[in-house]
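Engineer: Generate coordinates for the sequence data below:
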Amino acid sequence: MIEDLRTHFWLYLSMPLVAALIGYATKLIAIRMMFQPIKFFGIRPYLGWQGIIPRRAEKMASIAADTLLARLISARELYQKLDPGEVIAAVEEPLTHDIELIANDIIGELQPGIWEALPDQIKRQLILNIQNEVPHVIKGIMRDMDRDLDKIFDTKAMIVSTMTRDPALLNRIFQKVGKPEFRFIARSGIYFGFAIGLIQAATWMLTHSPIIMPLFGLFTGWFTDWLALKMIFYPRLPTKYFGIINWQGLFIKRRQQVAAEYGALVADEILTPKNLLEAILTGPLSNRLIEMIMNHVKSLIDKQVGFAKPLVVIAVGGENYQAAKHKAGQRLIASLPETLKSIEHYVGNALDIKNTIVSKMKDLTETEFEGVLRPAFQQDEWILITVGAVLGFLVGEFQVFMMTH
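Structural biologist: Presented below is the predicted three-dimensional model:
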């Protein structure tokens, strides 16, 4: 045995070093395979690869939305931060301009000769009367939205749609929030791999069995991935091991930084004012909001026509009158995407998504905090571990080939 060690000294010395390299390389490759490629590369359905996170984007987005809404934020909480007076102040100017154009066009189409013959002062007064009702209409719509918010806005659908619309978004979230943890996983492969390599060298010295290398490679890839993932989240509270090593799960230990980064990502990439307003107007439940706005517009027109409504109906025809109200509502709704751009700045400041999330995350227990992000990829951790094990096995086979040739 001593003679064998002396003869093959460099071989034995290389084993823990190669094992450390295996540990590090398999971690780097496995981490990259979590994110890349974003689109499937290869021959479908089985011969090829797509990053774990992009491949499970919809499922992960759904879980992330559930945990976000269950623990950190709600549509009603956000909506109640909006002040109707501030909303009116922000949209009144562009909205009154739109109303003037719509009123001129619609009334002009109904009775072109009469409308054009009216003095400008009377036309301006009629339009001004409608414009003066805008604040009341907005308050009425916001009151109805508050009452039926769950019926007109699907927050989860909006979050999932935003996350899956951009295939790289989920990657950015995990890479940004988990950057130190992924770095730890890669580096841990060096230390754990070296320690296992020492055992590998001793076992090879005793057995000289070719199967030792691939088996230890497989074990190194599997165990170091498994242990590194455990050390990221556990223990949740600082714990002393062997009387000298004090350890707390890295992700939990960094909770203040994680909260700030996660809050910023959600505020800047997902629950942005633009995304929220777009989802309200075009989301799966938007038809109910459109119906709500149409009812308010029609009521406004009826109110302005007032006691003269029977005469107006006789003059233009009942069907034409109803069609004009409907067309006015449609024109107003069509202008909303552009009109609502004027309140994006106010909505962003009022909702204060980042600070809301950061504040809520500070109040979570360690278990709840872990549950904010981990469930989204927890079910697929085995894939990362398996990839590490397979890569380790293949490198072990390569070791045997190099040693025997």
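Engineer: how close does the residue nearest to residue 131 when sequence neighbours are not counted sit to residue 119?
Structural biologist: Spatially, and ignoring its direct neighbours in sequence, residue 131 is nearest to residue 96 (4.4 Å; C-beta to C-beta, 6 or more residues apart in numbering). C-beta here means a position set from N, CA and C on the backbone, and glycine is covered the same way. Here residue 96 is placed at a distance of 21 Å from residue 119 (C-beta to C-beta, to the nearest Å).
Engineer: Of the two, which one has the most company?
Structural biologist: Between residue 96 and residue 119, counting by other C-beta atoms under 10 Å, residue 96 is the more crowded of the two (15 against 8).
Engineer: Wasn't the more buried one part of a strand?
Structural biologist: No - using DSSP: H, G, I helix; E, B strand; the rest coil, the assignment for residue 96 is helix, not a strand.
Engineer: what are the ranges of the helices in the stretch 301-405 of the chain?
Structural biologist: 309-316, 318-339, 344-351, 353-362, 366-373, 375-378, 381-404 (DSSP state H, counting those that start in this stretch).
Engineer: so which of those gets nearest residue 138?
Structural biologist: helix 318-339 (11.0 Å; C-beta to C-beta).
Engineer: tell me which residues of the closest one are tucked away?
Structural biologist: 321, 324, 325, 328, 329, 331, 332, 333, 335, 336, 339 (16 or more other C-beta atoms under 10 Å).
Engineer: on that earlier part again, residue 134 is in contact with the residue nearest to residue 131, correct?
Structural biologist: Yes - if you go by C-beta atoms under 8 Å, residue 96 and residue 134 touch, sitting 6.1 Å apart.
Engineer: Averaged pLDDT, stretch 90-104. What do you get?
Structural biologist: The average pLDDT within stretch 90-104 is 81.
Engineer: Could you do stretch 358-367 as well?
Structural biologist: For stretch 358-367, the mean confidence score works out to 85.
Engineer: which residues sit against stretch 280-287?
Structural biologist: 151, 152, 153, 154, 157, 158, 161, 289, 336, 337, 340 (C-beta atoms under 8 Å, 6 or more residues apart in numbering).
Engineer: Quick check: the two most widely separated of the residues you listed?
Structural biologist: 151 and 337 (21.3 Å).
Engineer: The residue nearest to residue 131 and residue 224: what is the separation?
Structural biologist: 66 Å.
Engineer: got any ranges where the stretch 101-250 of the chain has weak pLDDT?
Structural biologist: 107-118, 122-123 (pLDDT under 70).
Engineer: Tabulate the contacts of stretch 280-287 in a markdown table, adding columns for distance to residue 277 and secondary structure.
Structural biologist: Putting the contacts of stretch 280-287 into a markdown table (distance: C-beta to C-beta, whole Å; DSSP: H, G, I helix; E, B strand; the rest coil) gives the following:
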| residue | distance to residue 277 | secondary structure |
| --- | --- | --- |
| 151 | 18 | helix |
| 152 | 13 | helix |
| 153 | 11 | coil |
| 154 | 14 | coil |
| 157 | 15 | helix |
| 158 | 10 | helix |
| 161 | 14 | helix |
| 289 | 11 | helix |
| 336 | 9 | helix |
| 337 | 8 | helix |
| 340 | 5 | helix |
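Engineer: now, which of those residues sits nearest residue 238?
Structural biologist: The nearest one, if we look at the contacts of stretch 280-287 relative to residue 238 and count by C-beta to C-beta, is residue 158, at 38.5 Å.
Engineer: before we move on, the earlier item: want to throw the helices of the stretch 301-405 of the chain into JSON lines with distance to residue 268?
Structural biologist: Converted to JSON lines, these look like this (distance: least, C-beta to C-beta, whole Å):
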{"stretch": "helix 309-316", "distance to residue 268": "50"}
{"stretch": "helix 318-339", "distance to residue 268": "21"}
{"stretch": "helix 344-351", "distance to residue 268": "10"}
{"stretch": "helix 353-362", "distance to residue 268": "8"}
{"stretch": "helix 366-373", "distance to residue 268": "17"}
{"stretch": "helix 375-378", "distance to residue 268": "19"}
{"stretch": "helix 381-404", "distance to residue 268": "27"}
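Engineer: Out of those helices, flag the one nearest residue 210.
Structural biologist: helix 381-404 (4.9 Å).
Engineer: Summarise which helices and strands the closest one is packed against.
Structural biologist: helix 9-35, helix 212-233 (3 or more C-beta pairs under 8 Å, 6 or more residues apart in numbering; DSSP states H and E).
Engineer: okay, the ones you listed, which one's buried deepest?
Structural biologist: helix 212-233 (a mean of 22; mean count of other C-beta atoms under 10 Å).
Engineer: Ignoring the adjacent residues along the chain, who's closest to residue 261?
Structural biologist: residue 177 (5.2 Å).
Engineer: Then residue 146?
Structural biologist: residue 79 (6.4 Å).
Engineer: Would you reformat the helices and strands packed on helix 381-404 as CSV and include distance to residue 124?
Structural biologist: What follows is those, written out as CSV (distance: least, C-beta to C-beta, whole Å):
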stretch, distance to residue 124
helix 9-35, 60
helix 212-233, 67
